[in-house]
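Visitor: Give me the fold of what follows.
(one chain, ligands or ions: 1)
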Amino acid sequence: MSAELKERAARAALEVVESGMRLGIGTGSTAEPFIRALADKVLAGMRVIGVPTSQRSAKLCAELGIPLSTLEETPELDLTVDGADEIDPQLRLIKGGGGSLLREKIVAAASARMVVIADISKKVETLGAFPLPIEVDQFGLGATRRAVEKAASGLGLSGEIVLRQRSDKVFVTDGGHYILDASFGRIPDPEGLSCALHEIPGVVEHGLFIGLARQAFIASSDGVEAIVSPR
Ligand SMILES: O=C(CO)[C@H](O)[C@H](O)COP(=O)(O)O
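Guide: Just a heads-up that it's a prediction; the model follows:
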């Protein structure tokens, strides 16, 4: 069912893609059906240039024949379509479950518009049930983790902060960084936490996406709900 809902959300987002667009292309199990559906359109004659947010998405796009570019060649994009781990009513997001949050945020920020695609399980009232991914430099890991704990504590947040592992190895992002997954629970002030984390030198970026998403297509068994950012 979840795969079917992801597919529906992905297809809804395809409706806002126009020929000639420069597109940021997201990462994850919801972005993948979007990439496949986009490839069908390209095969049928739609002209787009894609800037993928990860090596994984770049590989899939290349296999399916979607023309690709980079932010060096194409620094301004019309639209980014990407998934999310959590979406709140103000379209603030937690992202990075797939480990691509830094490139996803750079690409979203370079886009005139970001559209989020998700199944209903990602919609929340308050962010934070999903552990917040924080991308950190490998150097100084212990000190950075301690600084994250202190910054969170200053905002009344606490919880386990775990170095992400995959298949018994430390997970390394496309950019060569580590990820700390922080289980703070409810985050009542995402803006405050975002600022506090950005103050820490070893933090490269975090998975709170604030003020970036303009629209979300959220699929449930009742259909696809389109939510527009109140900002
Ligand atoms: O942020 C992401 C990757 O860094 C993904 O968009 C997010 O984890 C959602 O993934 P999925 O669509 O597989 O649930």
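Visitor: check contacts around the residue lying closest to Arg56 once chain neighbours are set aside.
Guide: Computed as CB to CB, 6 or more residues apart in numbering, the closest residue to Arg56 that is not its neighbour in sequence is Thr27, at 6.0 Å. Where C-beta positions appear, they are placed from N, C-alpha and C, glycine not excepted. By CB atoms under 8 Å, 6 or more residues apart in numbering, Thr27 lies in contact with Pro52, Thr53, Ser54, Arg56, Ser57, Asp82, Gly83, Gly98, Ser100, Arg103, Glu104.
Visitor: Show me which residues of this protein are close to the ligand?
Guide: Contact residues, the chain versus the ligand (CB under 6 Å from any ligand atom): 26-30, 82-85, 95-101, 104.
Visitor: Tell me the buried residues within those residues.
Guide: Those of those that meet the buried threshold are 26-28, 30, 82-85, 95-101, 104, by 16 or more other CB atoms under 10 Å.
Visitor: Among these, which are located in helices?
Guide: Leu101, Glu104 (DSSP state H).
Visitor: Quick check: pLDDT value at the residue nearest the centre of the chain.
Guide: Centre of the chain computed as the mean C-alpha position; nearest residue by CA atoms, centre = their mean is Lys95, 4.1 Å away. Model confidence at Lys95, given as pLDDT, is 98.
Visitor: Under a three-state scheme, what state does Gly159 occupy?
Guide: coil (DSSP: H, G, I helix; E, B strand; the rest coil).
Visitor: List the residues that contact Ser158.
Guide: Glu149, Ala152, Phe184.
Visitor: So the second one sits against Ile200, correct?
Guide: No: the pair formed by Ala152 and Ile200 falls short of the contact definition of CB atoms under 8 Å, at 10.5 Å.
Visitor: contacting residues for Gly97?
Guide: Listed by CB under 8 Å, 6+ apart, the contact partners of Gly97 are Gly28, Asp85, Phe130, Pro133.
Visitor: That should have said Asp189, apologies.
Guide: Counted by CB under 8 Å, 6+ apart, Asp189 has contacts Leu155.
Visitor: got it, and Arg214?
Guide: Leu91, Arg113, Met114, Val115, Val228, Ser229.
Visitor: what separates it from the ligand, distance-wise?
Guide: Distance of Arg214 to the ligand, given as CB to the nearest ligand atom, to the nearest Å: 16 Å.
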